[in-house]
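In: no sequence on hand, only this structure:
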């Protein structure tokens, strides 16, 4: 009996010792985690486009970056199957009427992750069925080396290994950007291999954030020179108070926090990238929807024709197409004004072991509400999600109402033309159509369903409804006169 | 047999004692704020506190631990258990969020130090409602501005 008791005690003591040693080992692991170590394995230069190389030095960021290939969806974004994003045209037939005569009337799909930006562009019917230019690659590929090589071949100064931020680097980039933009898409796309890569946003030596897309570098310079107040971009306001001898250079002047939005604004913006001019961001008057519209309205192509993206096949209106003005709409919202950058919500900080890194799996904040929202908004995740969806549902309802108004206007203009109204007589209706659809499209193409600036989105949609109905009134008045 | 047991328990005590020392176990019995960042989970809160208005007047325990002897050590024991369990198993919600009981402790401490200002309000007994906790509005006094 006594022996059994001793043996039992012995076993208990042995098990407890094992437990203590396990705990000890766990604590050692946690302490090791707290020692941040980076191993430099690959030598990164301006020529290192392949993210695999960068991933050797920064495996945590690279692992997350790879996950942008995963299929995700929220109530109003993404979705579909693994191989194909859902067609916006099939989901909302109003868009077919609105984009009649334009490539977006053929193929228009919801977004997929960054990993697909190049392959999706190569496969969309907008590119395979309609001739497009190399300008499209400004935002759909890792293009810095391709641009600089093309620039050097055409006589830009310096060498390929000059720092990108040097005068020579900028000159090469700008020259190549202009030349590749003029090529056909099928030829230009052979010059690039990767979708967005590390080198597009990071300096290979210091890992510091930087902007490399010429469209943005030029666009933010033009914005800085405008009079549009941008209190959410303090370095631009500061530059404006200075002597303004040198143009605003984001890579030199922007704060780290501003850069955490600027790197995204290299592409998530409104721009012209058609065949008739070098790609540009229309920010010379400011970032608001009517300032961009005014800039387009005043813009003349080199052949003297006024600016338009296409002529509507049914209504005969010279139209504007909005791209995806996320940066512009965000700029009008409360998050921007409070100093919250794109990366704060779309690439929030996360903890891996003891290391704090920004999540390079760029995605909707609604897919990780804890890291994206709860850091500032101390409410349960379910409540935060509900709050966002209430905003988006309201915006969606208003947007569909505005689209209905535009579809009605298109039908009215078409009927009037059939009944014999001339282009001259239809001019007021055409003007209203252009204004109204530009506004709806601005909100529809923007990837937040109004969330980036809810009140501004509602203002824009309200104006769209008004302009569409004004156009219908103009057509009705015309009919009465006859 | 007894000798063997003595050796085993000695080993247990030794291993346990060293692990306690290695994990800076004694620091948790102090009021030193650095004890709260022995593990790195609350590093942001600690960094924020150093920039916040209460930095000069209150350490972690002044706000997060009750005043009385029994309450203080019970709270320390309860949170000590939760924290070490969570940090060992890595199964907690991030960002870390305060539990209702700890929030009540916190609010009681606000009212304790600021009683001269809050007496008029607390006379109506409305401040014990979670919706009316001081930090709902004064949310940057402890941990500084949110990022």
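Out: Looks like it came in fine. Please read all numbers here as calculations on a predicted model, not as lab measurements. Numbers count the residues shown, from 1 in each chain, chains lettered A, B, ... in the order given.
In: spell out which residues of the stretch 251-400 of chain A are next to chain B.
Out: Within reach of chain B by CB under 8 Å from any CB of the partner chain, the stretch 251-400 of chain A has these residues: A:344, A:350, A:351, A:354, A:356, A:370, A:371, A:374, A:375, A:376, A:378. Glycine gets a C-beta too; all of them are placed from N, C-alpha and C.
In: next, count neighbours for the fourth one.
Out: Other residues near residue A:354 number 16, with proximity taken as other CB atoms under 10 Å in any protein chain shown.
In: my guess is it contacts residue B:38, does it?
Out: No: with contact defined as CB atoms under 8 Å, residue A:354 does not count as touching residue B:38 (11.5 Å).
In: interface residues of chain B facing chain A?
Out: Residues of chain B lying close to chain A (CB under 8 Å from any CB) are B:1-2, B:4-5, B:8-9, B:11-12, B:15-16, B:18-19, B:22-23, B:39-41, B:43, B:87-88, B:93-95, B:97, B:139, B:146-147.
In: now those residues: which count as buried?
Out: Those of the residues of chain B next to chain A that meet the buried threshold are B:8-9, B:11-12, B:15-16, B:19, B:23, B:39-41, B:87, B:95, by 16 or more other CB atoms under 10 Å in any protein chain shown.
In: make JSON lines out of those and add pLDDT.
Out: Converted to JSON lines, those look like this (pLDDT from 0 to 100):
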{"residue": "B:8", "pLDDT": "87"}
{"residue": "B:9", "pLDDT": "88"}
{"residue": "B:11", "pLDDT": "90"}
{"residue": "B:12", "pLDDT": "91"}
{"residue": "B:15", "pLDDT": "91"}
{"residue": "B:16", "pLDDT": "91"}
{"residue": "B:19", "pLDDT": "92"}
{"residue": "B:23", "pLDDT": "91"}
{"residue": "B:39", "pLDDT": "88"}
{"residue": "B:40", "pLDDT": "87"}
{"residue": "B:41", "pLDDT": "90"}
{"residue": "B:87", "pLDDT": "92"}
{"residue": "B:95", "pLDDT": "90"}
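In: so which of these comes closest to residue B:131?
Out: Residue B:131 lies nearest to residue B:95 out of those, by CB to CB, at 21.0 Å.
In: what's near enough to touch the closest one?
Out: Residue B:95 makes contacts with A:370, A:371, A:374, A:375, as judged by CB atoms under 8 Å, 6 or more residues apart in numbering or on different chains.
In: buried ones among those?
Out: Buried among the contacts of residue B:95 by 16+ other CB under 10 Å: A:371, A:374, A:375.
In: where does the prediction get shaky in chain B?
Out: Flagging of chain B using pLDDT under 70 yields the residue ranges B:125-128, B:146-147.
In: and the helices in chain B?
Out: All helices of chain B, identified by DSSP state H, fall at B:2-22, B:43-51, B:60-64, B:69-89, B:100-113, B:115-122, B:134-137.
In: for stretch A:199-212, measure first residue to last.
Out: 9 Å (CA to CA, to the nearest Å).
In: how far out from the middle of the chain is that stretch?
Out: Chain-centre distance of stretch A:199-212: 18 Å, with CA atoms, centre = their mean, to the nearest Å.
In: for that stretch, buried residues please.
Out: For stretch A:199-212, burial by neighbour count (16+ other CB under 10 Å) applies to A:199, A:200, A:201, A:202, A:203, A:204, A:207, A:209, A:210, A:211, A:212.
In: picking up where we left off before, I'd like the buried ones among the contacts of residue B:95 as TSV, with distance to residue A:423 appended.
Out: Formatted as TSV, those follow (distance: CB to CB, whole Å):
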residue	distance to residue A:423
A:371	55
A:374	56
A:375	56
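In: for residue B:90, see how far away the residue in the stretch 301-450 of chain A that chain B sits nearest to is.
Out: As assessed by CB to the nearest CB, chain B sits closest to residue A:354 within the stretch 301-450 of chain A, at 4.3 Å. According to CB to CB, to the nearest Å, residue A:354 and residue B:90 sit 11 Å apart.
In: returning to that earlier point: need the buried ones among the contacts of residue B:95 in a markdown table with pLDDT and secondary structure, can you?
Out: Shown next, in a markdown table, are these (pLDDT from 0 to 100; DSSP: H, G, I helix; E, B strand; the rest coil):
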| residue | pLDDT | secondary structure |
| --- | --- | --- |
| A:371 | 94 | helix |
| A:374 | 92 | coil |
| A:375 | 90 | coil |
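In: how about the helices in the stretch 301-450 of chain A?
Out: Taking DSSP state H, counting those that start in this stretch as the test, the helices found in the stretch 301-450 of chain A are A:326-331, A:334-337, A:342-346, A:369-372, A:381-418, A:427-445.
In: most packed of those helices?
Out: For these, the largest average neighbour count (mean count of other CB atoms under 10 Å in any protein chain shown) is found in helix A:326-331, namely a mean of 26.
In: which strands or helices does that one pack on?
Out: Helix A:326-331 sits against helix A:256-265, helix A:342-346, with contacts defined as 3 or more CB pairs under 8 Å, 6 or more residues apart in numbering or on different chains; DSSP states H and E.
In: quick check: mean pLDDT across the last one?
Out: In other words, helix A:342-346. Mean pLDDT, helix A:342-346: 97.
In: for residue A:370, what are its contacts?
Out: Contacts for residue A:370 (CB under 8 Å, 6+ apart) come out as A:381, B:93, B:94, B:95.
In: so how far is residue B:79 from residue B:101?
Out: Distance, residue B:101 to residue B:79, by CB to CB: 9 Å.
In: of those two, which one has the most company?
Out: The neighbour count for residue B:101 versus residue B:79, taken as other CB under 10 Å, is higher for residue B:79 (17 against 11).
In: isn't that one up against residue B:105?
Out: No: taking contacts as CB under 8 Å, residue B:79 lies outside contact range of residue B:105: 9.7 Å.
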